[in-house]
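> my questions are about this predicted structure, shown below with the sequence.
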Amino acid sequence: MVKGKPHIEFMNLDMDEGWETPPGYPEGMKQKVLASDLDEDRKTGSRTRFLRIEPGCYSTQPFIHDHWEEVYLFEGDLIVGCDENGDGGEQFFAPTYACRPPGVFHGPFKSDKGCTMYETHYYHEPDED
């Protein structure tokens with residue numbers, strides 16, 4: 001039995017359809033999952049997605065995951081570390097990259113003009129001895 005994400009050859013992506021608000025995110029933040037076998041209960045697998053933040057949208061609490069996260073901001077602006085009112089923080093512009101190990105608090109986030117990010121989330125496989 002083959003485990004993991006499906007084999008997908010180059011396919012056209014409809015960047016207008018198939019977006020949804022992830023659980024725990026504000027309505028103006030939408031994801032489009034490309035491929036996933038991420039199992040947060042079993043702490044296995046990985047997910048590849050786009051995350052889009054609409055202009056002016058912001059989160060109010062930091063995020064923390066028990067998996068690795070790599071983020072490539074390829075379009076727009078992203079403010080990291082705003083307060084619960086969307087004020088303050090440090091602004092970044094595309095192209096920008098982040099790699100976060102499990103357990104790192106990050107955010108809250110805001111975008112003034114909107115942004116799109118490409119993200120991978122994954123659990124690190126333990127080394128086999």
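That came through, no problem. Numbers count the residues shown, from 1 in each chain.
> quick one: low-confidence parts of the protein?
Across the chain, the ranges flagged by pLDDT under 70 are 1-2, 125-129.
> how about a cut-off of 80?
1-3, 125-129 (pLDDT under 80).
> scan it for its longest strand.
Assignment by DSSP state E gives strand 68-80 as the longest strand of the chain.
> which elements pack onto that strand?
Judged by 3 or more Cβ pairs under 8 Å, 6 or more residues apart in numbering; DSSP states H and E, the packing partners of strand 68-80 are strand 46-53, strand 90-93, strand 96-100, strand 109-110, strand 115-122. The C-beta positions use only the backbone N, C-alpha and C, and glycine is treated the same way.
> give me that answer again for 6 Å
strand 90-93, strand 96-100, strand 115-122 (3 or more Cβ pairs under 6 Å, 6 or more residues apart in numbering; DSSP states H and E).
> what would these look like in a markdown table with distance to residue 51 and mean neighbour count?
Formatted as a markdown table, the helices and strands packed on strand 68-80 follow (distance: least, Cβ to Cβ, whole Å; neighbours: other Cβ atoms under 10 Å):
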| stretch | distance to residue 51 | mean neighbour count |
| --- | --- | --- |
| strand 90-93 | 14 | 13 |
| strand 96-100 | 12 | 14 |
| strand 115-122 | 5 | 19 |
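> a markdown table for these, including distance to residue 52?
Shown next, in a markdown table, are the helices and strands packed on strand 68-80 (distance: least, Cβ to Cβ, whole Å):
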| stretch | distance to residue 52 |
| --- | --- |
| strand 90-93 | 16 |
| strand 96-100 | 15 |
| strand 115-122 | 5 |
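> so which of these comes closest to residue 8?
Closest approach to residue 8 among the helices and strands packed on strand 68-80 (Cβ to Cβ): strand 115-122, 14.5 Å.
> before we move on, back to that, what sits up against the longest strand of the chain?
With Cβ atoms under 6 Å, 6 or more residues apart in numbering as the test, strand 68-80 has contacts from 89-100, 110-122.
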